[in-house]
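Undergrad: Predicted structure and sequence below. I'll ask about it afterward.
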Amino acid sequence: MFDKVEAFYRPASVREALRLLHSGKGQARVVAGGTDVVVQGGDSIRFLIDITRAGLSYIRPRGTDLVIGATTTMAELEASPQIQALAGGLLCRAARTCGSLPIRNLATLGGNMANGSAAADTAAPLLVLDAAVVMADAKGRRKVPLAEYLVNVRTLRYAKFLLVEVVIPEPPQGKGCRWSFQKLGRTAVDISLVNVAAGLQLDSRGRVKWARISLGAVAPTPMRAPGAEKRMTGRILDQALLAEIGAEVAREVSPISDARASAEYRREICSVLTRRALDECSAHAGCSL
Amino acid sequence: MKTMELHLTVNGESLDWTIAPGELLLDVLRRQGYVGVKRGCEEGECGACAVLVDGKPINSCLMFAAQAEGRHILTIEGVAVGGKLDPVQEAFLDHGAVQCGFCTPGMVISAKALLDRCPDPSEADVREALAGHLCRCTGYLKPVEAVLAAAAKRKHKARRAKPVAEVAP
């Protein structure tokens, strides 16, 4: 499957990885956990660059941000007290659904973004958290909002860049903050048919002050639902609003039919999962882990 | 074809192998005689090829062999020590958790990793640990029962092995 590979590199730094990527002249493939790269295969790949030893496995605060190195695995995210505490465990909950444990011990957060799948389980929570990715090239580093990155990742725009970390700004704090992640897959370890992440901040009278709703596997990229977010703002989170927002989200998505589910079914499930997410938000402060 | 050297430890033995740069760990392990590592789906769905890398279960069909440089690998061949079965293996036999046996090495490897990390797992913990391992014969009840029994047995042994002074309140 990788018969044409002439060299396997294990750079010890980002600088070295970038040098190898540049000298690979489009025939080099970056690999971390391998869970997507290996399955996709590739007869055109002549060089493999394993970045798991390039010092990109970390979870640490930087100012008020939380920064996650690109090769941090899903299993490491789940086990991290910082990630468990972040936004009611929202990202932790999503990382736990990224396949079986032997997959989660390999699969990385950076890979989940760089693979550019619309169904990436950690993308919706990261969109709710207003995350950005840091891209490195020979000239330096630049921060790109995740939403922008996800739209362009399948083009060649970032071909010369390495995704080095994910930056999460400090989310709203306090007892009015509510978070939820909902995923429907065929089995517990399957890819998402639909996933939904929600974050709300309620004021002292129970009105929605800040709202984020993101969805995966229902559009060409993981997406926010800005119409639904706007419609919720300033309103009391009751059952009528749940139904209204569920319906609004179903209008905002553009799902396709594939082997797993029809577009009609996915659209319906968007409503259902959004209602469940908002229901969880009205009942608890954090995700049930 | 281009080749490269790989240094790693398999089942406690330090080894130097020559591999192709694009080879997968599964292929290299089987070529070197570790055929207890099963070739199943080859895309990370079935868990039959699971091995421990530095104590953690991974699917060896998804890892490039070159990524194992300097790592400690445990395959099913290294689970029994000195001809004595691991409590997980004994429990799989005692509970009829083995039928055709194809999924068994992967299940045992993941179960062992679970018990090494979490000696007193709940049934949910066990099901979570075995979730990546497909079995097409017995189903999952007997393997789950076997892992819970192995945990109980290991705990019992550990208690008996402790000096009396430490057990007393």
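TA: Ah, there it is.

Undergrad: longest single helix anywhere in the chain?
TA: No chain specified, so I'll use chain A. The residue-count maximum for a helix in chain A (DSSP state H) belongs to helix A:263-283.

Undergrad: To clarify, I was referring to chain B.
TA: helix B:141-161.

Undergrad: Domains in the chain, by residue range?
TA: Went with chain A since none was named. Domain segmentation of chain A under automatic domain parsing yields A:7-50, A:59-168, A:177-283.

Undergrad: looking at chain B here, not the other one
TA: Domain ranges of chain B: B:4-78, B:87-161, per automatic domain parsing.

Undergrad: would TSV of these with mean pLDDT, mean neighbour count and distance to chain A be doable?
TA: Quick note: C-beta positions are derived from backbone N, CA and C, even for glycine. Shown next, in TSV, are the domains of chain B (pLDDT from 0 to 100; neighbours: other CB atoms under 10 Å in any protein chain shown; distance: least, CB to the nearest CB, whole Å):
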stretch	mean pLDDT	mean neighbour count	distance to chain A
domain B:4-78	98	20	3
domain B:87-161	94	19	2
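
Undergrad: one step back: just so I know, which of the domains of chain A lies nearest B:Trp17?
TA: For the domains of chain A, proximity to B:Trp17 was assessed by CB to CB; domain A:7-50 is nearest, at 13.4 Å.

Undergrad: so where do the helices sit in chain A?
TA: Assigned by DSSP H, chain A shows helices spanning A:14-23, A:37-40, A:74-79, A:81-85, A:90-95, A:101-104, A:109-114, A:123-128, A:146-152, A:226-232, A:239-252, A:263-283.

Undergrad: Can you tell me which of these is packed in deepest?
TA: The highest mean neighbour count among these, using mean count of other CB atoms under 10 Å in any protein chain shown, belongs to helix A:123-128: a mean of 29.

Undergrad: Averaged pLDDT, that helix. What do you get?
TA: The average pLDDT for helix A:123-128 rounds to 98.

Undergrad: Give the helix, strand or coil label for the residue nearest the centre of chain B.
TA: Geometric centre of chain B, nearest residue: B:Ile109, 1.4 Å, by CA atoms, centre = their mean. Here B:Ile109 is helix, with the state taken from DSSP: H, G, I helix; E, B strand; the rest coil.

Undergrad: about what we covered before: which one of the domains of chain B lies nearest to A:Val133?
TA: domain B:4-78 (23.4 Å).

Undergrad: how far does that closest one stretch from start to finish?
TA: Distance between the two ends of domain B:4-78: 25 Å, counting by CA to CA, to the nearest Å.

Undergrad: same thing with stretch A:105-125?
TA: End-to-end span of stretch A:105-125 (CA to CA): 20 Å.

Undergrad: is chain B contacted by it?
TA: Yes: judged by CB under 8 Å from any CB of the partner chain, stretch A:105-125 comes into contact with chain B at A:Asn105, A:Leu106.

Undergrad: Which residue ranges of chain B form helices?
TA: Assigned by DSSP H, the helices in chain B fall at B:25-31, B:87-94, B:104-117, B:123-130, B:141-161, B:164-167.

Undergrad: Mind putting the ones you listed into a markdown table with distance to B:Cys61?
TA: A markdown table is the format used below for the helices of chain B (distance: least, CB to CB, whole Å):
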| stretch | distance to B:Cys61 |
| --- | --- |
| helix B:25-31 | 4 |
| helix B:87-94 | 22 |
| helix B:104-117 | 11 |
| helix B:123-130 | 18 |
| helix B:141-161 | 21 |
| helix B:164-167 | 44 |
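
Undergrad: Tell me which of the ones you listed sits nearest to A:Ile191.
TA: Closest to A:Ile191 of the helices of chain B, according to CB to CB: helix B:123-130, at 17.9 Å.

Undergrad: how distant is the closest one from the center of its chain?
TA: Its chain's average C-alpha position is 15 Å from that of helix B:123-130, according to CA atoms, centre = their mean, to the nearest Å.

Undergrad: now do stretch A:224-243
TA: On CA atoms, centre = their mean, the centre of stretch A:224-243 falls 23 Å from that of its chain.
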